[in-house]
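J.: here are the coordinates; sequence isn't available:
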């Protein structure tokens with residue numbers, strides 16, 4: 001009995017020591033120079049998220065955190081910048097579907113392997129998208145949209161080739177048996193400008209990029225791409241509710257580092273980013289943009305990337321989509 005009590009006490013002490021060591025390890029890395037966060041797309045909610053996290057991360061780490069936009073190539077240019085950077089924690093990437101889980105299938109000659117050359121820090125947020133049209137397009141429901149597309153030449157914008165806004169429309173085209181011309185842009189900003197200006201007819205966009213324009217009548221929301229309606233627009237049905245059961249397309253944003261970044265650095269970055277994302281101030285701002293805050297572990301983010309890669313590979317292969 002005494003021996004068992006002694007063993008139990010030893011185990012408890014060992015566990016406590018492990019917990020203490022884990023916390024110490026997470027705090028072990030202390031940067032000595034500014035940190036750069038690369039956003040591989042111009043504008044968009046990716047940029048918004050980076051600029052929400054950057055000052056809070058800088059305050060926590062005691063060094064400036066600078067956000068740098070490097071758009072182009074469907075996210076390739078900015079992503080390659082990070083892949084080629086030293087794995088020391090001073091260059092980070094804001095990753096999203098396109099360059100991380102879509103390009104490996106869409107672009108067979110992708111000059112990097114996101115699984116082998118990038119290290120996931122945290123899956124920050126997920127979000128469904130709106131199917132939105134310019135108000136001059138005479139449709140208000142998804143059924144009307146599909147019928148109109150079958151009898152008129154239409155075009156749609158995407159934030160970049162291989163982005164979720166691109167492939168979500170391709171998913172819909174497959175499901176509805178319609179053909180709409182793809183017009184890719186370098187970021188959400190120019191895509192939205194041309195959508196509300198009438199240069200293109202439609203797009204799939206996350207709420208943060210389009211809701212303000214929908215509120216003032218410069219865009220019309222038709223449906224949402226997830227399995228549940230957005231709380232802010234309960235009258236806008238999902239695609240699944242509108243005649244396409246099982247339709248589900250989710251965009252996401254997360255933070256990654258070059259592969260080989262030391263574990264203490266990764267643990268410190270994950271600890272601070274998770275805390276920041278879950279803080280009342282930042283969480284509210286993200287939820288106001290209709291994001292679901294995830295704030296995952298590196299392992300959970302890694303598993304999500306693999307799952308998401310498989311999901312979009314099916315869409316790309318079924319439609320035989322080729323990058324230009």
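T.: In hand now; what should we look at? Remember, it's a predicted structure, so these values are computed and weren't measured experimentally. Numbers count the residues shown, from 1 in each chain.

J.: Give me the buried positions along the strand or helix carrying residue 174.
T.: Assigned by DSSP states H and E, residue 174 belongs to helix 164-176. Within helix 164-176, the residues that qualify as buried are 164-173, 175-176, counting by 16 or more other CB atoms under 10 Å. In short, each C-beta sits where N, CA and C put it, glycine included.

J.: Please apply the same query to stretch 32-48.
T.: Buried, per 16+ other CB under 10 Å, within stretch 32-48: 35-48.

J.: Could you tell me the end-to-end distance of that stretch?
T.: 26 Å (CA to CA, to the nearest Å).

J.: among the buried residues of stretch 32-48, which are in helices?
T.: 44-48 (DSSP state H).

J.: will you turn these into JSON lines that also has pLDDT?
T.: As requested, those are exported to JSON lines (pLDDT from 0 to 100):
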{"residue": "44", "pLDDT": "77"}
{"residue": "45", "pLDDT": "85"}
{"residue": "46", "pLDDT": "91"}
{"residue": "47", "pLDDT": "93"}
{"residue": "48", "pLDDT": "93"}
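
J.: neighbouring contacts of stretch 230-250?
T.: 126-131, 141-143, 164, 167-168, 171-172, 175-176, 204, 207, 211, 221-229, 290 (CB atoms under 8 Å, 6 or more residues apart in numbering).

J.: ok, back up a step: can you name the next helix or strand after the helix holding residue 174?
T.: strand 181-184.

J.: Which strands or helices does that following strand pack on?
T.: strand 155-158, helix 164-176 (3 or more CB pairs under 8 Å, 6 or more residues apart in numbering; DSSP states H and E).

J.: if we can go back for a sec, make a markdown table from the ones in helices among the buried residues of stretch 32-48 and add distance to residue 148 to it.
T.: Output for these, formatted as a markdown table (distance: CB to CB, whole Å):
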| residue | distance to residue 148 |
| --- | --- |
| 44 | 28 |
| 45 | 28 |
| 46 | 31 |
| 47 | 33 |
| 48 | 32 |
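
J.: between those, which is closest to residue 189?
T.: Closest approach between these and residue 189, by CB to CB: residue 44, at 7.0 Å.

J.: That closest one: what's it in contact with?
T.: Contacts of residue 44 by CB under 8 Å, 6+ apart are 159, 187-189, 209.

J.: how close does it get to residue 132?
T.: Residue 44 sits 15 Å away from residue 132, going by CB to CB, to the nearest Å.

J.: now the buried residues of helix 164-176 in a markdown table, with pLDDT?
T.: Below are those laid out as a markdown table (pLDDT from 0 to 100):
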| residue | pLDDT |
| --- | --- |
| 164 | 85 |
| 165 | 89 |
| 166 | 89 |
| 167 | 92 |
| 168 | 95 |
| 169 | 96 |
| 170 | 93 |
| 171 | 94 |
| 172 | 96 |
| 173 | 96 |
| 175 | 94 |
| 176 | 96 |
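
J.: Going by distance to residue 266, which of these wins?
T.: Of these, the one sitting nearest to residue 266 (CB to CB) turns out to be residue 164, at 25.7 Å.

J.: In this structure that closest one contacts residue 204, no?
T.: Yes: using CB atoms under 8 Å, residue 164 is in contact with residue 204, at 7.5 Å.

J.: Check the contact lists of those two and give me the overlap.
T.: 129, 249.

J.: give me phi/psi at residue 30?
T.: Backbone torsions of residue 30, given as degrees, to the nearest 10, read phi -130, psi 110.

J.: tell me the angle the lengthiest strand in the chain makes with helix 164-176.
T.: The longest strand of the chain (DSSP state E) is strand 118-127. With axes from the mean of the first three to the mean of the last three CA atoms, to 10 degrees defining the directions, strand 118-127 sits at 60 degrees from helix 164-176.

J.: Counting by contacts, list what strand 118-127 packs against.
T.: helix 44-61, helix 76-83, strand 91-96, strand 251-258, helix 263-278, strand 292-293, helix 298-319.

J.: Tell me which of the helices and strands packed on strand 181-184 lies nearest to residue 199.
T.: Here strand 155-158 is closest among the helices and strands packed on strand 181-184 (CB to CB), at 8.2 Å.

J.: is it possible to export the helices and strands packed on strand 181-184 to TSV including distance to residue 85?
T.: TSV is the format used below for the helices and strands packed on strand 181-184 (distance: least, CB to CB, whole Å):
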stretch	distance to residue 85
strand 155-158	27
helix 164-176	25
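
J.: The ones you listed: which one's closest to residue 195?
T.: Per CB to CB, nearest to residue 195 of the helices and strands packed on strand 181-184: strand 155-158, 5.4 Å.

J.: Tell me which strands that closest one pairs with, and in which orientation.
T.: strand 181-184 (parallel), strand 202-205 (parallel) (DSSP bridges).

J.: Fine, thanks again, bye for now.
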